[in-house]
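Chemist: Test case, fold it:
(one chain, ligands or ions: 1)
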Amino acid sequence: MPLEFSAAAYRYGHSQVRSGYTINNTVPTRPTFVPDSQLPPAGQVFERRRADFRGFTRFGLPPQWTIDWPFFFQLDDQGPQPSLKIDTKIAGPLTTALPGANQDDADLRSLPRRNLLGGAALGLPSGQWVARAMDEVPLDPLQETPLWYYILKEAGKTSDYFASTHDVAPTVLGAMSIEQPRAMQGQDLSVLLDGKDPEQRRPHFTLGYDNYAWARDDRYVMFGLNDGSDAKLYDIEADPSMGKDIASDHPEIVKRMFTSYILNDAGGPVPKY
Ligand code: HEM
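Modeler: A predicted model of the protein is given here:
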């Protein structure tokens, strides 16, 4: 595995970690880590193991700490707690309180510092150097930015294009200048980084899962059973957090989205499973 990947690129996940997590309705939200100095004294073993998520105590996890999965995946109306954005910000506990590290050493208890020092010790090239090696115009071309940070800075870019998981493989291939096999129907989104548009216009988006179908465009989100029944509709311009189902007020929009988006994209009726 290339060092550029393990010591920099794939560590992007550090910016997604939250400063605290709720795991179920019983246990109060806990910080990801508290600094060792703020942990309950060593004798208070049960309070200590409930203080944060570091785990690996002699007594294992408290019995109430079972994960209620809707807090982590979209399984109900409430929705999961989101991971943080992939960008240059890192949650506080990861910068000051890494467990297991010598807490007197600020370099060791900070994950960003470890990533940066590790990159330097391994002799990683700068982000600008890697960008030039990939024939890309680097950000901030007169600087030499550590690769891990550079990649997070690049990731801060956003686009309104409706992206989905079937775009991942074509995008990775596109970034490596490899033509995607014809069987792959997704779009190469790496072109967005060069300020270009993907080949396929995508003014709306549809997907199916089990016996459900889902569609959205710039204005509305609609989902329901894949025979068109039991639909919910949200006006995401007026109601971005999707609190009010307006399907019964606008059956014509539900019908239009089902027919001209879902049935049209599916090429006919959607199979029942
Ligand atoms: C609470 C969450 C996490 C913690 C506390 C954590 C902590 C760490 C630590 C302490 C290291 C070693 C740093 C060093 O001394 O160089 C490390 C390495 C690494 N982390 Fe994380 N990490 C977390 C989440 C993630 C996520 C979500 C990803 C990716 C999606 C990730 C990817 C990596 C990779 C690729 C390495 C390098 C592994 C290697 O070179 O063998 N980490 N992490």
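Chemist: ok, now which ones touch residue 74?
Modeler: Residues near residue 74 by CB atoms under 8 Å, 6 or more residues apart in numbering: residue 80. Just so you know, the C-beta spots here come from the backbone N, C-alpha and C atoms, and that holds for glycine as well.
Chemist: do residue 132 as well
Modeler: By CB under 8 Å, 6+ apart, the contact list for residue 132 reads residue 138.
Chemist: Can you give the contact residues for stretch 209-219?
Modeler: Applying CB under 8 Å, 6+ apart, the contact partners of stretch 209-219 are 162, 203-208, 221-226, 235-237, 257-258, 261-262, 266, 270, 272-273.
Chemist: Identify the residues contacting residue 30.
Modeler: Contacts of residue 30 (CB under 8 Å, 6+ apart): 20-21, 23, 50-53.
Chemist: now it, which residues is it bridged with?
Modeler: Beta-bridge partners recorded for residue 30 (DSSP bridges): residue 21.
Chemist: Okay, the nearest residue to residue 125 once chain neighbours are set aside and the ligand: tell me how far apart.
Modeler: Nearest residue to residue 125, sequence neighbours excluded (CB to CB, 6 or more residues apart in numbering): residue 147, at 6.5 Å. Distance, residue 147 to the ligand, by CB to the nearest ligand atom, to the nearest Å: 13 Å.
Chemist: Unless I misread the structure, residue 222 falls within a strand.
Modeler: Yes: under DSSP: H, G, I helix; E, B strand; the rest coil, residue 222 falls within a strand.
Chemist: show me the contacts for it.
Modeler: Per CB under 8 Å, 6+ apart, neighbours of residue 222: 214-216, 231-234, 247, 253-254, 257-258, 261.
Chemist: sorry, back to before: count the neighbours of the residue nearest to residue 125 for me.
Modeler: When neighbours are counted by other CB atoms under 10 Å, residue 147 registers 26.
Chemist: quick one, what contacts it?
Modeler: Applying CB under 8 Å, 6+ apart, the residues near residue 147 are 4, 7-9, 119, 124-127, 130.
Chemist: Quick one: buried ones out of the contacts of stretch 209-219?
Modeler: 162, 204-208, 221-224, 226, 235, 257-258, 261-262, 270 (16 or more other CB atoms under 10 Å).
Chemist: and those, which of them are in strands?
Modeler: Judged by DSSP state E, strands contain the following of the buried ones among the contacts of stretch 209-219: 205-208, 221-224, 235.
Chemist: where does the chain have its least confident helix or strand?
Modeler: helix 45-49 (a mean of 88; mean pLDDT, DSSP states H and E).
Chemist: quick one: which two of the ones in strands among the buried ones among the contacts of stretch 209-219 are the most distant?
Modeler: Comparing all pairs in those by CB to CB, the longest separation belongs to 208 and 235, at 22.6 Å.
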